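K.L.:
turn this into a model:
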Amino acid sequence: MTNPDFMVVIDAIFEKLAVRYGHDWLRQWDGVDMAFVKADWAEELDGYANNLEPLRYALRHLPERCPANVGQLKKIANLCPPPVFKALPAPKATEAVVSAQMAKQLELKQALAPKADEKGWARALVSRSEAGEKIRPYSLLCARQALGLEGRTAWQ
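P.N.:
Below you'll find the model as predicted:
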């Protein structure tokens, strides 16, 4: 069932077409109940119920010859250019907002920064061993492997 408010639009379209095309428009519907014709047009044009601008466009750009059916009017309505929206100006940021955002960026940068010396423990063990300190053999082996001085592994 078509929205009763939209039927007012259909009536206005029919009045406009009757004024524009006169007898040619009215003669098309001889012997046909106008309520059925308008109901059909309302059903076909229902997609424009929430945005009437394409229908206004179609009525402003009617052809010289009378449209024979609702499809011809829809073709004209579909040529309606999309609305042009003016961009709003960018909001101005206060100094407090800018400072807060900069602090967040700094925290993120510090979190993503490379850690100090991730293999420092290995360097320290090897240095201590080379200085003559007694280091357990397995600890020294792990340190040398971490530094790539012994036995290459896939993660080095």
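
K.L.:
all helices of the protein, in order?
P.N.:
Ranges of helices in the chain, per DSSP state H, are 4-21, 23-27, 34-44, 53-60, 70-77, 95-112, 120-130, 137-146.

K.L.:
now mean pLDDT too, for those helices, in TSV please.
P.N.:
Output for the helices of the chain, formatted as TSV (pLDDT from 0 to 100):
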stretch	mean pLDDT
helix 4-21	91
helix 23-27	88
helix 34-44	91
helix 53-60	94
helix 70-77	93
helix 95-112	88
helix 120-130	92
helix 137-146	91
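
K.L.:
now tabulate these in CSV and tack on distance to V84.
P.N.:
The way it works is simple: take the backbone N, C-alpha and C, and place the C-beta from them, glycine included. Shown next, in CSV, are those (distance: least, CB to CB, whole Å):
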stretch, distance to V84
helix 4-21, 24
helix 23-27, 33
helix 34-44, 28
helix 53-60, 12
helix 70-77, 18
helix 95-112, 31
helix 120-130, 62
helix 137-146, 64
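
K.L.:
quick one, which of those helices is nearest to P83?
P.N.:
Of all these, helix 53-60 sits nearest to P83, with 7.2 Å by CB to CB.

K.L.:
for that closest one, which helices and strands make contact with it?
P.N.:
Helix 53-60 sits against helix 4-21, helix 70-77, with contacts defined as 3 or more CB pairs under 8 Å, 6 or more residues apart in numbering; DSSP states H and E.

K.L.:
kind regards, and thank you for your time.
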